[in-house]
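Trainee: pasted the sequence and its predicted model underneath.
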Amino acid sequence: MFSILAALLIVSAVGLALHPPTAKSGPEPPVGASLEITPVPSITTPPVPVSPGPVRISYTTGFWSYPIVRLPDNLTLHGGSDPSWKEAGGIIPFAYLEEARGGITETFHVPHAVWRLNCSVSSTVRPEAAHFRMALVELESGTIVEGADLHYPGSIIKNVERGGKDFYLIVGVDDVDSYRITLETLPQYL
């Protein structure tokens, strides 16, 4: 008899553990009363403005209609590196070309009145033979606006004070592993 009573207690305990008693609800609303449903306002977060990163400039195969398709023999006429900008407000990159080979780029439009070409050249295999040449050409007039001639790895900056026009780049390299030309401007010229 004791074992039957113990078995009933165990079964009751397991039953309560698996099916606990339900809570009693509050008072019933009076008959005929309507329930009010308060609408929950939807939460919308304003879109976060996404600042697009710099646009990649690519080489093109359709350059035969361009006014100039060869690098001039003497790019040193355009001088060495220009002075660096004071970076108090921050420099804003808006386009770039990153390659290991030379070529002629697609045309690109620069709306900024003042901007610069920031060129970095890397060569580890034969740095003593590295040679980087670059010409910035205004598409409409065929004028070479800026040029760079860099022997050995390093960097060169060319400031440009001509905007609102279409341009393209002609690049020639010898024994260069990679290079990057970043087009940059300052916040006051946006």
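Mentor: Received it, and whenever you're ready, just let me know what you need.
Trainee: and the strands in this structure?
Mentor: With DSSP state E as the criterion, the chain has strands at 55-56, 92-99, 103-104, 108-110, 115-122, 131-138, 144-151, 154-160, 165-174, 178-185.
Trainee: so what secondary structure elements neighbour the first one?
Mentor: Just to be clear, that refers to strand 55-56. When contacts are defined as 3 or more Cβ pairs under 8 Å, 6 or more residues apart in numbering; DSSP states H and E, strand 55-56 packs onto strand 92-99. C-beta: built from backbone N, CA, C; applies to glycine.
Trainee: how far off strand 115-122 does the strand it packs on point, in degrees?
Mentor: In terms of direction (axes from the mean of the first three to the mean of the last three Cα atoms, to 10 degrees), strand 92-99 departs from strand 115-122 by 40 degrees.
Trainee: can you give me the buried ones in strand 92-99?
Mentor: Neighbour counts over strand 92-99 (16 or more other Cβ atoms under 10 Å) mark 92, 94-97, 99 as buried.
Trainee: how about stretch 61-76?
Mentor: 63, 66, 68, 71, 75.
Trainee: check stretch 166-178 too.
Mentor: Of the residues in stretch 166-178, 167-173, 176 count as buried by neighbour count, 16+ other Cβ under 10 Å.
Trainee: gap between the spatially most central residue of the chain and residue 171?
Mentor: By Cα atoms, centre = their mean, the chain has its centre lying nearest to residue 53, at 2.8 Å. Computed as Cβ to Cβ, to the nearest Å, the residue 53 to residue 171 distance reads 22 Å.
Trainee: the residue nearest to the centre of the chain and residue 182, how far apart?
Mentor: Taking Cβ to Cβ as the measure, residue 53 falls 11 Å from residue 182.
Trainee: repeat for residue 70
Mentor: 24 Å.
Trainee: again, but for residue 54
Mentor: For residue 54 relative to residue 182 (Cβ to Cβ), the value is 7 Å.
Trainee: what do these two both touch?
Mentor: 93, 95-96 (Cβ atoms under 8 Å, 6 or more residues apart in numbering).
Trainee: so can I have JSON lines of these showing distance to residue 116 and pLDDT?
Mentor: Shown next, in JSON lines, are the shared contacts of residue 54 and residue 182 (distance: Cβ to Cβ, whole Å; pLDDT from 0 to 100):
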{"residue": "93", "distance to residue 116": "10", "pLDDT": "96"}
{"residue": "95", "distance to residue 116": "12", "pLDDT": "98"}
{"residue": "96", "distance to residue 116": "12", "pLDDT": "98"}
